[in-house]
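1. Here is a sequence with its predicted model. Questions after.
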Amino acid sequence: MTNGDEPSRRDVDVLIAGAGLAGLTAAYGMAKAGFDVVCCGAAERTGRGRTVALLDQSVAFLDSLGLWATLQSRAAPLRSLRLIDDTGSFFPPRPAEFHAAEIGLDAFGWNIENDLMAEALAASVAEIPGVKRFATGIAAYEASAEAVRARLGDGREIVARLAIGADGRDSKARRAAGLTARAHRYPQTALTVHLAHRLPHDDFSTEFHTRGGPFTLVPLPASATAPNRSSLVWVMSEQEARRRERLDDEALSPEIERQAHSLLGAMRIEGSRGFFPMIRQTVPTITAERLALVGDAAHVLPPIGAQGLNLGLRDVEAIVACAAEARADGRDIGAEGTLTAYERARRADIMLRTGAVDGLNRSLLTHFGALDFARGAGLATLSALGPLRRLVMRAGIGPRSTRLP
């Protein structure tokens, strides 16, 4: 025994490494599907202006788990998207607008603060039967044909049929399995911050394409002191990020307003801000013996196009579905066949989203007339052709969901 009546060894169906947004959702999803789960790792609170725009498919998945009702009241809908070319190119297209109603949706997605979502998920995980949470991290792994054994930092041992690595970009689960990660650092930094502003956002998410990278304003719910609020992700050069990091809120706010062309009027910074390096990381193989990687452990995308966590939630949805299908067929949930099905289900989506985000970012950084013309012509074509615009909108919110059996 280790802590009071806690056994020194616990045998479960699923071990989840990591208690961030993807890890907590995986813990809840697996327990909802009837598996016995242990989730290990300290609670993650990022703050510093971080939000996540949950796209329609992610909302549908969370709703299928019964989690969306607790999140929706803390989120703001994204009913329209506005793209504005602010690169100073010779071929600037008109601003393009996309409306969720055109493809039969109430909203493309909902924007929520990371920490509010983490708090709500942690509370839901604490209430669902079948999940045991340990704040202690995992110190060592040993995988075999029969099970994966994990030793926690306090000496406890967890034995599981399936391990899910949801422990972030520097995943210890991934490294213990010998899986390689390929990282690329862009010459850019992303500023994240919450803003109060004078004019309403009207449920529009507005993205300015600049030579430094996208400048994206996303709606947030009203607060007691500010009826009009948005979150900002401003991708800029590392040099500009260092300069702006030294500015106080009173000096930085007017710079943000100028870059937004005063679209939302005067702005005031709320709370703390964050400056994050722009990194893309790919993992050629996202499974190993009795291990499936999800979220940032499997792929890291720069904060462009709201793809990061949405991609991770599709990972979670897929591994829950693959494990449930294996159990229904009388197969081992952590065996090679189950993990092969998971890898096959996720590979194309991950490659497509990673390539699209990388391509957009590089096109903005490249001062090349032909690329500017192609990007401008593409936006103009989308604005003019309804069927193509609707096709692109449906593709942008993600592939169809995989529902639980």
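-> Okay, I see it. Every value quoted in this text rests on a predicted model; they were computed, and no experiment measured them.
2. C-alpha from now on. contacts and neighbour counts both.
-> Will do.
3. low pLDDT regions in this protein?
-> Counting by pLDDT under 70, the ranges of the chain that qualify are 1-6, 89-92, 305-306, 363-405.
4. Leaving out chain neighbours, which residue sits closest to the residue nearest the centre of it?
-> The chain has Leu309 as the residue nearest its centroid, 1.3 Å off, counting by CA atoms, centre = their mean. What sits nearest to Leu309 in space, not counting adjacent residues and going by CA to CA, 6 or more residues apart in numbering, is Gly295, at 6.7 Å.
5. Contacts only, for that neighbour.
-> Ala22, Ala166, Gly168, Gly308, Leu309, Leu311, Gly312, Leu313, Asp315, Val316 (CA atoms under 8 Å, 6 or more residues apart in numbering).
6. quick one: it and Ala226, what's the gap?
-> Using CA to CA, to the nearest Å, we find Gly295 at a distance of 33 Å from Ala226.
7. One more: Thr285?
-> Thr285 sits 46 Å away from Ala226, going by CA to CA.
8. ranges for the strands of the stretch 251-400 of the chain?
-> 267-282, 287-288, 291-293, 299-300 (DSSP state E, counting those that start in this stretch).
9. Can you name the residues in contact with stretch 18-37?
-> 12-17, 38-44, 65, 117-118, 121-122, 124-125, 128-132, 137, 165-168, 294-295, 309, 312-313, 316-317, 320, 324, 404.
10. try stretch 197-208
-> The contact list for stretch 197-208 (CA under 8 Å, 6+ apart) reads 76-86, 214-219, 226, 228-230, 260, 263-268.
11. OK, contacts around Cys322?
-> For Cys322, the contacting residues are Ile333, Thr338, Leu339, Ala341, Tyr342, by CA under 8 Å, 6+ apart.
12. ok, so of these, who is nearest Pro302?
-> Tyr342 (23.8 Å; CA to CA).
13. still on that earlier bit, with respect to Ala177, which of the contacts of Cys322 is nearest?
-> Leu339 (13.9 Å).
14. ok, back up a step: ok, and the most crowded of the contacts of Gly295?
-> Counting neighbours by other CA atoms under 10 Å, Ala166 leads these with 33 neighbours.
15. which ones are touching it?
-> Ile16, Ala17, Gly18, Ala19, Gly20, Ala22, Gly23, Leu293, Val294, Gly295, Asp296, Ala297.
16. Kindly reformat the residues you listed as TSV containing distance to Gln281.
-> TSV is the format used below for the contacts of Ala166 (distance: CA to CA, whole Å):
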residue	distance to Gln281
Ile16	21
Ala17	19
Gly18	18
Ala19	20
Gly20	18
Ala22	17
Gly23	19
Leu293	13
Val294	13
Gly295	11
Asp296	8
Ala297	9
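17. Select from the residues you listed every entry located in helices.
-> Mapping those onto helices (DSSP state H) picks out Ala22, Gly23.
18. Closest to Ala190 out of the contacts of Ala166?
-> Of the contacts of Ala166, the one sitting nearest to Ala190 (CA to CA) turns out to be Asp296, at 17.1 Å.
19. Report how many residues lie close to Arg344.
-> 10.
20. got it, and Leu21?
-> 24.
21. I'd like the distance between it and Leu121.
-> For Leu21 relative to Leu121 (CA to CA), the value is 7 Å.
22. so where do the helices sit in the chain?
-> Secondary structure of the chain, counting by DSSP H: helices at 21-32, 56-65, 68-72, 114-127, 172-176, 238-245, 249-259, 308-328, 336-365, 369-384, 386-396.
23. what helices or strands is the fifth one leaning on?
-> Right, helix 172-176. Judged by 3 or more CA pairs under 8 Å, 6 or more residues apart in numbering; DSSP states H and E, helix 172-176 is in contact with strand 138-143.
24. Show me what counts as buried in the strand it packs on.
-> Of all the residues in strand 138-143, those buried under the rule 16 or more other CA atoms under 10 Å are Ile138, Tyr141, Ala143.
25. Of those residues, just say which sits nearest to Phe276.
-> Checking the buried residues of strand 138-143 one by one against Phe276 (CA to CA), the nearest turns out to be Ile138, at 26.2 Å.
26. Buried among the contacts of stretch 197-208? Need that as a selection in PyMOL.
-> Buried residues within the contacts of stretch 197-208, by 16+ other CA under 10 Å, are selected in PyMOL with:
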select buried, resi 76+77+78+79+80+81+82+83+84+85+86+214+215+216+217+218+219+228+229+230+260+264+266+267+268
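27. In strands, which of the contacts of stretch 197-208 appear?
-> Counting by DSSP state E, those place 76-78, 80-85, 214-219, 229-230, 267-268 in strands.
28. re earlier: filter the contacts of stretch 18-37 to the buried ones?
-> 12-17, 38-41, 43, 65, 117-118, 121-122, 124-125, 130-132, 137, 165-168, 294-295, 309, 312-313, 316-317, 320, 324, 404.
29. Show me which of the buried residues of strand 138-143 is closest to Glu245.
-> Comparing the buried residues of strand 138-143 against Glu245 with CA to CA places Ile138 closest, at 34.9 Å.
30. pretty sure that closest one is in contact with Ile16, am I right?
-> No - the criterion here is CA atoms under 8 Å, and Ile138 misses it with Ile16 at 9.9 Å.
31. shared neighbours of those two, anything?
-> Contact criterion CA under 8 Å, 6+ apart; residues shared by Ile138 and Ile16: Cys40.
32. Give the burial count for Leu247, as a bare number.
-> 11.
33. Could I get the phi/psi values of it?
-> The phi/psi pair for Leu247 (degrees, to the nearest 10) reads phi -80, psi 150.
34. sorry, back to before: specify the stretch among the helices of the chain that is closest to Phe276.
-> When those are compared (using CA to CA), the closest one is helix 238-245, at 9.4 Å.
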